[in-house]
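J.: return a 3D structure for these sequence lines:
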Amino acid sequence: MSVRFPDGFLWGAATAAYQIEGAVREDGRGESIWDRFSHTRGKIENGDTGDVACDHYHRWAEDVDLLAEVGISAYRFSLAWPRIQPDGRGRPNALGIAFYDRLVDRLLMRGVTPVVTLYHWDLPQALEDRGGWRVRETAHRFADYAEIVSQALGDRVQWWLTHNEPQVVAIVGHYQGRHAPGLRDLGAAVRVSHHLLLAHGLAVRAFRARQTPARIGIALNLSPVEAVTDREEDVRAATTADALGNRWYLDPLLRARYPEEAVDHLARLGVSMEHVESGDLDAIAQPIELLGVNYYRPLSVRADPRAELGWAEQDPGPDEPTTATGWPIRADGMEALLVRLSRDYPGIPLFVTENGIALREEPEPDAGVASTTRSGSTTCAATWQPSTGRSR
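T.: Predicted structure coming up:
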């Protein structure tokens, strides 16, 4: 069976700056929170760092040529904020901007559409030392950074995303402590989530003020949430988990409010919303042209009074296929998610900006990695649909 994408469909790949660039001490780049975190003993398995990574900073031209040769029509990559503003504020670093100038020009020359993410988790360490995303100032510094970027690249880049997965930054980085900066504080994570959303809104305003012909949005990691049983307490737990995991970001962005049940649940846990100031939600809910959807798995939850948040995730069944990280492999979850978003938030174009499965696969001698599990599947590639007003 042959499948043909409609004209204008963007079939893409995605990366993050810290994951691929390397060259962390070259051409004036400042330290990021991931530099500090990965170099902290015991934080990363095997002591691995992004100091070299894929060496994309030096191999960028070859990398772009490979994208074009395999038929990629759009490339989503992130800018390293500390490469553009080493201290997260003040005058931009000309050498850092020059790198992204060259990258964008080469992509366009090879017929690959650049899709630029402003922030993929690598906050300048200098801003973290001043409170990081826990303080409002960082949201305003992000708006300044967005203005610099829009001036530098806005004449050639049409598609923009402000943040990648703010929930991961807030929860995994500030509540679970598994990502940089490695904090374990629920109240801090809630403040961080708000300041990330505020930063998004201020950045969109900065782009609009420059009248850049930009199509701008945000990429959220979203999951369908289901209760493991139809017991009232499990259904209530699933509703709350959805409100805190999905709607906590969707509702402020698209409805200018936080979900009431999530706010009430946090209040019962002793977490207030005093950090939300008048006008914040209007600033967050700026009109956007796309919503990036990162899908990897559904969540099955049950009530658990012993858990701090009041619920626990159900492990996959013994016969259910899983990824190397133990996540269930459920392709139908993407369809359920996109249908739900189209129903509950109509009119916003949906881009699938990430999806896939993590597998442990070893290279074969002289043959690269032969991935029979992925063969014939689109679950390992990121795709997105141009702005049509419909999800696809």
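J.: where does the nearest residue to residue 78 once chain neighbours are set aside fall, phi/psi-wise?
T.: The shortest distance from residue 78 to any non-neighbouring residue, by Cβ to Cβ, 6 or more residues apart in numbering, is to residue 120 (3.6 Å). The C-beta positions use only the backbone N, C-alpha and C, and glycine is treated the same way. Phi and psi for residue 120, reported as degrees, to the nearest 10, are phi -120, psi 60.
J.: for the protein, which segments count as strands?
T.: 10-14, 74-78, 113-119, 159-164, 215-221, 225-227, 290-295, 299-303, 311-313, 350-355, 382-384 (DSSP state E).
J.: most tightly surrounded among those strands?
T.: Mean neighbour count (mean count of other Cβ atoms under 10 Å) peaks for strand 159-164 among the strands of the chain, with a mean of 26.
J.: returning to that earlier point: would you mind giving the strands of the chain as a markdown table with distance to residue 145 and mean pLDDT added?
T.: Below are those laid out as a markdown table (distance: least, Cβ to Cβ, whole Å; pLDDT from 0 to 100):
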| stretch | distance to residue 145 | mean pLDDT |
| --- | --- | --- |
| strand 10-14 | 21 | 93 |
| strand 74-78 | 12 | 98 |
| strand 113-119 | 7 | 98 |
| strand 159-164 | 10 | 98 |
| strand 215-221 | 14 | 97 |
| strand 225-227 | 33 | 97 |
| strand 290-295 | 19 | 98 |
| strand 299-303 | 33 | 97 |
| strand 311-313 | 35 | 95 |
| strand 350-355 | 21 | 95 |
| strand 382-384 | 24 | 32 |
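J.: can you put those in a markdown table and add distance to residue 179?
T.: Putting the strands of the chain into a markdown table (distance: least, Cβ to Cβ, whole Å) gives the following:
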| stretch | distance to residue 179 |
| --- | --- |
| strand 10-14 | 18 |
| strand 74-78 | 15 |
| strand 113-119 | 14 |
| strand 159-164 | 12 |
| strand 215-221 | 13 |
| strand 225-227 | 22 |
| strand 290-295 | 15 |
| strand 299-303 | 19 |
| strand 311-313 | 18 |
| strand 350-355 | 16 |
| strand 382-384 | 21 |
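J.: so which of the ones you listed is nearest residue 250?
T.: In terms of Cβ to Cβ, the element of the strands of the chain nearest to residue 250 is strand 215-221, at 7.1 Å.
J.: quick one: contacts of that closest one?
T.: Under the contact criterion Cβ atoms under 8 Å, 6 or more residues apart in numbering, strand 215-221 has outside partners 117, 158-168, 200, 203-204, 207, 246, 249-250, 253, 288-296, 351, 353-354, 387.
J.: can you check stretch 170-181 too?
T.: Residues from elsewhere that reach stretch 170-181 (Cβ under 8 Å, 6+ apart): 32-34, 36-38, 121, 123, 128, 132-134, 168-169, 182-186, 188-190, 192-193, 196.
J.: among these, the buried ones, what's the PyMOL command?
T.: Here is the PyMOL selection string for the buried members of the contacts of stretch 170-181, based on 16 or more other Cβ atoms under 10 Å:
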select buried, resi 32+33+34+36+37+38+121+123+128+132+133+134+168+169+182+183+186+188+189+190+192+193+196
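J.: now, which of the contacts of stretch 170-181 lie within helices?
T.: 33-34, 36-38, 128, 186, 188-190, 192-193, 196 (DSSP state H).
J.: would you check which pair of those lies furthest apart?
T.: 38 and 190 (25.7 Å).
J.: thinking residue 286 is in contact with residue 207, fair?
T.: No: using Cβ atoms under 8 Å, residue 286 makes no contact with residue 207, being 9.3 Å away.
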